[in-house]
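**Student:** Predicted model, plus sequence, below.
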Amino acid sequence: MRRHRNVKIVATLGPASSDYKMIRALMEAGADVFRLNMSHGSHDEIRERHAIIRQIEKDLGTPIGILADLQGPKLRVGTFANPDGEELEVGASFRLDLADKPGDATRVTLPHKEIFDALEPGSHLLVNDGKIKLRVRDCGADFADCEVIVGGTISNRKGVNVPDVVLPLAALSEKDRDDLEFVCELGVDWLALSFVQRPADVIEARRLAGDRAAILSKIEKPAAVNAFDAILEVSDGIMVARGDLGVELPVQNVPPIQKRLIRKCRAVAKPVIVATQMLESMIDSPMPTRAEVSDVAAAIYEGTDAVMLSAESAAGQFPIEAVRTMDNVAAEVESDPTYTEIIEASRKIERTSVADGIVSAAREIAEATKVAAICCFSESGTTALLVSRERPRVPIIALTTEPSTARRLCLSWGTNNVITGPIDRFKGAVVSAVRASLAEGLATEDDMIVVTAGVPFNTPGSTNILRVAPCQERLIYSADPE
C-alpha cells in the first residue's frame, strides 16, 4: 500500500482495535506496524490479533510489521488498610519497608528488596507517575526512611520510579521471559525491551530471542540515557519512551534528549520510534490539541523513523481518526521545504564501506537527475537501512526474498517493502526492480530508476553494484548482458 509520506506509524492494538474490520481499517488509514502490548491481554488474545494481522497482510498483499512490547519489571508499593489510601503532607516522614502488612499514614510495604540494596541517603523515589516525591534520609537492607518533598494521595499498588540509581534488576522478569518465548514462536518481527538500563539487558534478550526477532530498546530510564551509545550498539532499534523518561527526569530535559537520540540512531542506520502521549487527547476526542500536533510534527522534523500511538488506538474512542491525524500531519510536514532543508542539513554520516559509498551515490544520482526511485536488494535489510539513513528525496523500494526482512523494514523511514522471488543475476534484479516500481505506482515506463545490489546474490552485506535503468523492460532486455 503506497503511503504519501516517509515516516512510519505504529499503532497499538487493544480492546478498541481487536477485530479484523478495525485492524484492517487502521492499516488502510495509515498504520505500518502494529504493537502488541504484553502488559495487557492474555496469550490467547495476542495470538488472535497476530493471526488477524497476518491475514490482513495476505489479503492486502503487503508486508506488515508486528512489534511485541514486553512489560518489564513493575515496581509498586503494597496495599493500605484504608482502601482510599493516605494523604502525605510535605515535610512529613514516611517509611518504605519489606514488612508484610497493610500500610498507613506513616509507612507502606515496598516488596522489592533490590531497591533497598541500591538506595543511598539523598536518593529520590517517585510514586504514582511522579505525583509524589520522596527523598531518602536513612536506609538499610529492608527499609528506607524518607521525607515527603511533594505530597499527595498514595494508595494501593501505585508505581514507583527510582531515577537516581541503577537498580540491580534484570530487564526481563519471569513474565517477560515467558512472553518473549511465546511471541518469538508466534512470529513477531520486533521485540521492544522495557526498563533497559545497560547493554547487558539487551544482550540477554538477544540470547533468548536469537534471530527470531529484532531487538528494540526502550529508553525510559536516566541510566539508559547515560549508557545510550553502548545500548545502541547492541540494539537493532530504539524507542524514545517519553512517559517514564519524563517522570524520572525533569520534563524540560526530554525534548533535547529526544533530538540527540534520534540523530544518533540515524547516524548508525538504526530505526527509532518516538512514543508516548503523542495524541493523548484523542483517547476521548476526535480532534487533537494543537500542542499534540506540534509534538508529532517536531518528532518528524527531527528525522524520526516512526511515531507511535498507544492508548489512542488501543483503548480510545477514535482509533481510526488518530491514525489519520498522524498520517495527515506527516504528509503535511514532509511537503514543507523546511523539512527537506532540516533533514539534509543533518545528514552527517561517516562512510567507511563500499555499501556506504554505493547508497550515497544512489541518493546523489537520484537528486541530480530525474530518477523516480531507488531500488535496493537486501537480504538482511542492511542496505535498505543505509539507503533510509540517506533520507533521499525519491521513494525507496526495498526488495528482498525474506518476508521477515520486509516486515522488519516496515519500521524504517521511507521504505516501500516488496517480497520478490529468488534472483541470481543482476539483470534479473533490474527487471524485478522495474516491475516493482511500476506495480507500486512509484514510476512510469518513461522514468528511470537507480538499482543497487550485491554480487554474488543472496550474500548479506555484499552491496557493490549500482545501475541507472530505464523502466521499459524491452530496453533492459536489449542491453548487453552484465
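**Tutor:** Now that the structure is in, tell me what you want to look at. Numbering: from 1, shown residues only.

**Student:** Now do the SS call for the closest residue in space to residue 83 that isn't next to it in sequence.
**Tutor:** Once flanking residues are discounted, residue 83 sits nearest to residue 156: 7.3 Å by C-beta to C-beta, 6 or more residues apart in numbering. Placement of C-beta: from N, CA and C, glycine included. At residue 156 the chain is in coil, as set by DSSP: H, G, I helix; E, B strand; the rest coil.

**Student:** tell me the contacts of residue 156?
**Tutor:** Residue 156 makes contact with 77, 78, 79, 80, 83, 85 under the criterion C-beta atoms under 8 Å, 6 or more residues apart in numbering.

**Student:** So which of those is the closest to residue 225?
**Tutor:** residue 77 (25.5 Å; C-beta to C-beta).

**Student:** partner residues bridging the residue lying closest to that closest one once chain neighbours are set aside?
**Tutor:** Excluding its sequence neighbours, the residue lying closest to residue 77 (C-beta to C-beta, 6+ apart) is residue 108, at 4.9 Å. Beta bridges link residue 108 to residue 96 when assigned by DSSP bridges.

**Student:** what does residue 133 give?
**Tutor:** Residue 133 has these beta-bridge partners by DSSP bridges: residue 126, residue 150.

**Student:** Tell me if I'm right that it and residue 149 touch.
**Tutor:** Yes. The criterion here is C-beta atoms under 8 Å, and residue 133 meets it with residue 149 at 4.3 Å.

**Student:** These two: which is more packed in?
**Tutor:** Between residue 133 and residue 149, counting by other C-beta atoms under 10 Å, residue 133 is the more crowded of the two (20 against 15).

**Student:** does the spatially most central residue of the chain count as helix, strand or coil?
**Tutor:** Nearest to the mean C-alpha position of the chain, by C-alpha atoms, centre = their mean, lies residue 273 at 3.6 Å. Using three-state DSSP, the structure places residue 273 in strand.

**Student:** OK, contacts around it?
**Tutor:** Taking C-beta under 8 Å, 6+ apart, one finds 10, 216, 237, 238, 239, 240, 304, 305, 306, 307, 308, 411 in contact with residue 273.

**Student:** Excluding chain neighbours, what is closest to the second one?
**Tutor:** Nearest-residue entry for residue 216: residue 237, 4.1 Å, with adjacent residues in sequence omitted and distances by C-beta to C-beta, 6+ apart.

**Student:** longest helix of the chain?
**Tutor:** helix 43-60 (DSSP state H).

**Student:** Pull the residues that contact it.
**Tutor:** So helix 43-60 is contacted by 1, 13, 18-20, 23-24, 27, 34, 36, 38, 41, 63-64, 66, 68, 179, 182-183, 186-188 (C-beta under 8 Å, 6+ apart).

**Student:** buried residues in it?
**Tutor:** Under the neighbour-count criterion of 16 or more other C-beta atoms under 10 Å, helix 43-60 has 46, 49, 50, 52, 53, 56, 57 buried.

**Student:** how close does the fourth one get to residue 258?
**Tutor:** When C-beta to C-beta, to the nearest Å is the yardstick, residue 52 and residue 258 sit 32 Å from each other.

**Student:** Which residue ranges of the stretch 251-400 of the chain form strands?
**Tutor:** 272-275, 306-309, 371-377, 396-400 (DSSP state E, counting those that start in this stretch).

**Student:** ditto for the stretch 101-250 of the chain
**Tutor:** 107-109, 124-127, 132-140, 143-150, 152-154, 160-161, 190-193, 214-219, 237-241.

**Student:** low pLDDT regions in the stretch 151-300 of the chain?
**Tutor:** Along the stretch 151-300 of the chain, the model assigns pLDDT under 70 to no residue.

**Student:** at 90 instead, please
**Tutor:** The stretch 151-300 of the chain contains residues with pLDDT under 90 at 163-171, 243-244, 248.

**Student:** was I right about residue 218 contacting residue 190?
**Tutor:** No. Between residue 218 and residue 190 there is no contact under C-beta under 8 Å: 11.4 Å.

**Student:** before we move on, back to that, among the contacts of residue 156, which two are most distant?
**Tutor:** 77 and 83 (14.2 Å).

**Student:** Tabulate the buried residues of helix 43-60 (CSV), appending distance to residue 351 and pLDDT.
**Tutor:** Formatted as CSV, those follow (distance: C-beta to C-beta, whole Å; pLDDT from 0 to 100):
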residue, distance to residue 351, pLDDT
46, 41, 97
49, 41, 98
50, 39, 98
52, 42, 98
53, 37, 98
56, 39, 98
57, 35, 97
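
**Student:** ok, of those, which one's closest to residue 373?
**Tutor:** Closest to residue 373, out of all of these and judged by C-beta to C-beta, is residue 57, at 22.6 Å.
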